[in-house]
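Could you work out the structure for the sequence below:
(2 chains)
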Amino acid sequence: MNALRILIPSWRFFDDLGAVPRLEIREDGGEWRAFAYRAPAFSWSQLFFNPTGNLNHAIGNLLNRLMLEDEPGHTPTYALVEALARESLGRDTSRFQFRLMVTRFVNGEMREDERLTSPELPR
Amino acid sequence: MSERLIAFAVFWQALEMLSLRRWWSDRGVWSRARLKLPRVQFGQTAFTSVLVCMTGAALWVMIRPNGIGLLWLAIGVWLIAIRWRGSFNGGSDAMTFHVLAACAVAGFFPSLRTMALWYIAIQSCLSYFVAGLVKLRRPGWRDGSSLNLILLHSPSSKLRMEVPAAGVWTWLAMLFELSFPLALLDRRIALGMIVLGTGFHLSNFRTFGLNRFFWAWVSTYPAIFAVSGSVKF
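Residues are numbered from 1 along each chain as shown, chains lettered A, B, ... in the order given. Just a heads-up that it's a prediction; the model follows:
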């Protein structure tokens, strides 16, 4: 199905956007911190060449996909997010956890809920 | 003109993908093994070769538009999408592919050129219209909270907007998107919509860093202008 996705036109951009996911990571039982995107300073040259911006967009799509999956613990998407979290660890970290937080508006108020939390994983 | 613009876009897309090699290499997050993809097309060397050939084909099409070059670019864009589990950059991958496919058909069969132009123009108009319609049906878009959320969580955006102001901007965007198909009626309307569309995508680029969307949609504008007003209702 993945192979056919762009062959079939579908222009329902942001169709499922009632909620926005955010990845958080905890190293060696410490505080939770937000996944740090690499965001270069804006330049008009990025209109032509913007690999980091597009990578960020791809990461956002990945988290969105994990948020929408029925059983997010047993999917290739989950494995990719785990690898992404592992990629962002500090040099001396030996164990880590990640979780997916979801922000949505409920009755005009912004609310954040935990969608999933990984077990503690070796580096 | 559409074929040259889309080839220009794909040239930069292939270079971007080459510069992200660390992320899709055998040790990267999106490694071929993790995604269980075949080595023949998606091994590190094979995929690098695909991207290098795409830059060459894009230059070839920019200098002299031709069906073979455009077909190769369409296949390359499709392979990139598969490599990233369906798409790398969402809707812009799909629009890029459809413009390339239509231009390739026109390149191989010049008698189908008008049909290809119509296909690109209709895809472009539908993309705006459906996106506007979907937003109109969602309360979160109508009151501005969805735009507020996107701005808050976008890694590329430092812009923040409270819900009432975000609602005004969302309604302006929805009006533009829903009225875009009017561009097919008359060349003067088409020109106006093209100017507005260019501004719309530039502001999306400035706010969210969506450079690929800019080129993918701008490459459809020559087709829209070409077919505009050719059918009398």
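
Moving C-terminal from the helix or strand B:R188 falls within, which element do we reach first?
Element membership for B:R188, per DSSP states H and E: helix B:187-208. Downstream of helix B:187-208, the next assigned helix or strand under DSSP H and E is helix B:211-218.

So is that following helix next to chain A?
Yes. Using Cβ under 8 Å from any Cβ of the partner chain, helix B:211-218 reaches chain A at B:N211, B:R212, B:F214. Quick note: C-beta positions are derived from backbone N, CA and C, even for glycine.

Kindly report the same for stretch B:151-168.
Yes. Using Cβ under 8 Å from any Cβ, stretch B:151-168 reaches chain A at B:L152, B:H153, B:S154, B:P155, B:S156, B:V163.

returning to that earlier point: now do the helix holding B:R188: distance to the chain's middle.
Distance, stretch centre to chain centre, for helix B:187-208: 14 Å (Cα atoms, centre = their mean, to the nearest Å).

Quick check: the gap between the residue nearest to the spatial centre of chain B and chain A.
Chain B has B:S92 as the residue nearest its centroid, 2.8 Å off, counting by Cα atoms, centre = their mean. Separation of B:S92 from chain A (Cβ to the nearest Cβ, to the nearest Å) stands at 9 Å.

And for B:Y119?
Taken as Cβ to the nearest Cβ, the span from B:Y119 to chain A is 10 Å.

quick one, what contacts that residue?
Residues near B:Y119 by Cβ atoms under 8 Å, 6 or more residues apart in numbering or on different chains: B:H98, B:A102.

buried stuff in the longest helix along chain B?
As assigned by DSSP state H, the longest helix anywhere in chain B is helix B:113-137. Buried residues in helix B:113-137, defined by neighbour count with 16 or more other Cβ atoms under 10 Å in any protein chain shown: B:116-135.

Relative to the whole chain's centre, how far out is that helix?
On Cα atoms, centre = their mean, the centre of helix B:113-137 falls 12 Å from the chain's centre.

Which helix or strand contains B:F11?
Going by DSSP H and E, B:F11 is in helix B:2-19.

Per-residue pLDDT of residue 19, please?
With no chain named, the answer covers chain A. Looking at A:A19, its pLDDT reads 81.

Can you look at chain B instead?
Checking the pLDDT column for B:S19, the value is 94.

Check B:W118 too.
B:W118 is given a pLDDT of 95.

repeat for A:D16
pLDDT, read off for A:D16, is 56.

Then A:A58?
89.

now B:L182
94.

How about the one 3 residues further on?
The model reports B:L185 with a pLDDT of 92.

neighbours around it, how many?
14 (other Cβ atoms under 10 Å in any protein chain shown).

C-alpha coordinates for the lowest-mean-pLDDT helix or strand in chain B, CSV please?
Scoring the helices and strands of chain B by mean pLDDT, DSSP states H and E places helix B:39-42 at the bottom, with a mean of 74. Output of helix B:39-42 as CSV, limited to C-alpha atoms (Å, rounded to 0.1, in the frame of the first residue of the first chain):
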residue,chain,number,x,y,z
ARG,B,39,18.4,-4.2,-1.7
VAL,B,40,18.2,-4.1,-5.5
GLN,B,41,16.5,-0.6,-5.6
PHE,B,42,17.1,0.6,-2.1
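
Flag every buried residue along that helix.
B:F42.

For B:G144, give me its contacts.
B:M161, B:V163, B:P164, B:A165, B:A166, B:G167, B:V168, B:W169, B:T170.

Can you report phi and psi for the closest residue to the second one other than its chain neighbours?
It refers to B:V163. Closest residue to B:V163 apart from its sequence neighbours, by Cβ to Cβ, 6 or more residues apart in numbering or on different chains: B:G144 at 4.7 Å. Backbone torsions for B:G144, taken as degrees, to the nearest 10, come to phi 90, psi -10.

do the same with A:E24
phi -130, psi 150.

repeat for A:T93
Dihedral angles for A:T93 - degrees, to the nearest 10 - are phi -70, psi 140.

Secondary structure element holding the nearest residue to B:M1 once chain neighbours are set aside?
Nearest residue to B:M1, sequence neighbours excluded (Cβ to Cβ, 6+ apart): B:P222, at 3.8 Å. Per DSSP H and E: B:P222 is located in helix B:221-227.

B:W171 too?
helix B:163-179.

again with B:L149
Judged by DSSP H and E, B:L149 forms part of helix B:145-153.

Could you tell me the angle between that helix and helix B:163-179?
110 degrees (axes from the mean of the first three to the mean of the last three Cα atoms, to 10 degrees).

List the buried residues for helix B:145-153?
B:S145, B:S146, B:L147, B:N148, B:L149, B:I150, B:L151.

Return the closest of these with respect to A:A19.
Using Cβ to Cβ, B:L149 is the member of these that sits closest to A:A19, with 7.7 Å.
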